[in-house]
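Participant: Show me how the following folds:
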Amino acid sequence: MEKETKGEHTSEIVKGGISAFAMRLIGMALNWVFAVMLARTTGAAGTGVYNLTQSLLNFCNSISKLGSDTLMTRFGAQYYVKRQWSLIKDLYNKSMMVSIPLSIFISAIIYFFANEIAGDIFKKPDLAPYFQIASLALLPLTVFQISTGGIRGLKKIKEYAFLHNVSNFIFGILILGSILLFTSRRDLYVPVIVYTIFITLTAILSFYWYLKFSRYFSTKPETGINFNEKFWIGISLFVAAFASLIRGYADTFILGRYAPIEDVGVYRNAFKVATITRITLVALLIPAAPKFAELFSLGKMDELKKSAQYVTKIIFWCSAPILAMVIIGAPFIMGIFGEDFVKGSLALIILAIGQFINAATGPVNSLLIMTGKQKLNRNIMVGATIIAVALDLVLIPKYGAVGAACVNTLGVIVMNMIPFFLIKKYYGFYTLDFTNIFNVNPKTFLKEVKKALRPEKKKGEGDSTATEDQIGGVE
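Facilitator: Have a look, this model is predicted:
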């Protein structure tokens, strides 16, 4: 019985992972099309403006959402398996009531203080009008993040992956192509206008899907959430996410402060390519995180261990060959964006190594968060961020993009290796099982894939392991 149950959990993760992986591949292809279109039509400067404004908005969004997207995933998954629809609705309503006014307030600050942000912080006064346009995207970005966090908690993995990886670039390519028909190339307003529009359209789609999948309008409104408790959990998640975001974007901001805007575009494109190395991690983490929360809430620690190690093994062996290809083909890959981007080849190699380490250690941060160790994860993130920002301030003015890449990779190592050993301390296992890592049987995995893709028989009404489609009531 235990073996059968374990198979059900891994099959669910594999099934969701395959959907997410397929969407991720499609999204990466579209992302490349969008990035190449942007680079070829607006140059390195246009790419730099796009990435700097996007980084600013993501930074502010981490404040406006206050960890509510992760709350919706973690507790949404727990309520979902028990079919507590009213609690899911209550959590979503209260999250929005906090985050929407906050996002409007922060948008106003960006809009009215754009000159100070551009001139005093980045020493590039010309960026002010671009920041003002981008400020309009913060509210839809906040709605998007919280709604997709809820969709993930409801185990609508295909829809979540589509929204995060595909829809934005479909909209982006269509909007960019349309705008370029009526404006000149090298117009630096184009990237930020495209970003603002496609974020708004994706937010509308995510909001609609969340209302549909959560049975929002057919669920009787009842209060039952101790939101004060959830709020402080959300604050811990927010601090961790905010620290991680500072670490992730400090290199971009500091590079934007000390280097030409073209270097920002080169570096961010190198980082974008490097994330290919962790594509399997990102794909499998989408279904794995709510599954970890579910297993932990049910006290099934042995199944939690097996699921985490199973996921990590798949990630490791899928990531290793990608790393090799990126290292060997770095100059060619960067050259696709244009001759100005080839100088980012060394930065790409360094960043790819860091992303492989991120992938190979498995979903360590997510495992801590989904099992109630969010404060511990927060402290690790804050410590890693302080170290990274200090090193960025020292190395980036001297070594530019290469210095930024080195610090980014060091931050990844610190942020992943500490949780890697803490999971062993608290739960008695490593996510990467060294004794079993070379025990790879492709035939067994293919059988698992076929099993995951096979249509499932309907389960009884009271079965807590019912599939998402059965519980979600989707046609």
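Participant: you'd agree K220 is up against D90?
Facilitator: No: assessed by CB atoms under 8 Å, K220 is found out of contact with D90, at 10.7 Å. In this view, the C-beta of every residue, glycine as well, is placed from N, C-alpha and C.
Participant: If you count surrounding residues, which of those two has more?
Facilitator: For K220 versus D90, neighbours defined as other CB atoms under 10 Å are more numerous around D90 (20 against 7).
Participant: avg pLDDT for the helix or strand hosting F59?
Facilitator: Taking DSSP states H and E as the definition, F59 sits inside helix 2-64. Average pLDDT, helix 2-64: 76.
Participant: next structured bit after it?
Facilitator: According to DSSP H and E, the helix or strand after helix 2-64 is helix 68-81.
Participant: export that following helix as PDB, just CAs?
Facilitator: Extracted C-alpha coordinates of helix 68-81, given in PDB (Å, rounded to 0.1, in the frame of the first residue of the first chain):
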ATOM      1  CA  SER A  68       0.600  36.400  -0.500                       C
ATOM      2  CA  ASP A  69       1.400  34.400  -3.700                       C
ATOM      3  CA  THR A  70       3.300  31.800  -1.600                       C
ATOM      4  CA  LEU A  71       0.600  31.800   1.000                       C
ATOM      5  CA  MET A  72      -2.000  31.100  -1.700                       C
ATOM      6  CA  THR A  73       0.200  28.100  -2.900                       C
ATOM      7  CA  ARG A  74       1.000  26.700   0.500                       C
ATOM      8  CA  PHE A  75      -2.300  27.000   2.400                       C
ATOM      9  CA  GLY A  76      -4.400  26.800  -0.800                       C
ATOM     10  CA  ALA A  77      -2.900  23.300  -1.400                       C
ATOM     11  CA  GLN A  78      -3.800  22.300   2.200                       C
ATOM     12  CA  TYR A  79      -7.400  23.700   1.900                       C
ATOM     13  CA  TYR A  80      -7.800  22.300  -1.600                       C
ATOM     14  CA  VAL A  81      -7.100  18.700  -0.600                       C
END
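Participant: From the chain's centroid, how far away is that helix?
Facilitator: 16 Å (CA atoms, centre = their mean, to the nearest Å).
Participant: Name the next helix or strand downstream of it, please.
Facilitator: helix 85-112.
Participant: Could you pull out the buried residues of that following helix?
Facilitator: Residues of helix 85-112 classed as buried by neighbour count (16 or more other CB atoms under 10 Å): 85-92, 94-96, 98-99, 102-103, 106-107, 110.
Participant: Pull the contacting residues for G329.
Facilitator: Listed by CB atoms under 8 Å, 6 or more residues apart in numbering, the contact set of G329 is empty.
Participant: now it: how far from I336?
Facilitator: 10 Å (CB to CB, to the nearest Å).
Participant: Then S297?
Facilitator: 45 Å.
Participant: Who has more neighbours out of those two?
Facilitator: Legend: neighbour count by other CB under 10 Å for S297 and I336, higher for S297 (18 against 15).
Participant: ok, which stretches of the stretch 151-300 of the chain are helices?
Facilitator: Assigned by DSSP state H, counting those that start in this stretch, the helices in the stretch 151-300 of the chain fall at 157-162, 168-180, 189-213, 227-258, 261-274, 279-297.
Participant: Which elements pack onto the second one?
Facilitator: Judged by 3 or more CB pairs under 8 Å, 6 or more residues apart in numbering; DSSP states H and E, the packing partners of helix 168-180 are helix 2-64, helix 189-213.
Participant: Nearest to A114, out of these?
Facilitator: Closest approach to A114 among these (CB to CB): helix 2-64, 10.0 Å.
Participant: got a list of what D433 touches?
Facilitator: 309, 312-313.
Participant: wait, F144
Facilitator: 163, 199, 202-203, 206-207.
Participant: Could you pull up the contacting residues of the closest residue in space to T312 that isn't next to it in sequence?
Facilitator: Distance criterion CB to CB, 6 or more residues apart in numbering; nearest residue to T312, sequence neighbours excluded, is G362 at 3.2 Å. Residues near G362 by CB under 8 Å, 6+ apart: 281, 308-309, 311-312, 315-316, 420, 431-432.
Participant: now these in CSV, with pLDDT?
Facilitator: Below are the contacts of G362 laid out as CSV (pLDDT from 0 to 100):
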residue, pLDDT
L281, 69
A308, 84
Q309, 84
V311, 81
T312, 84
I315, 82
F316, 84
F420, 90
T431, 86
L432, 84
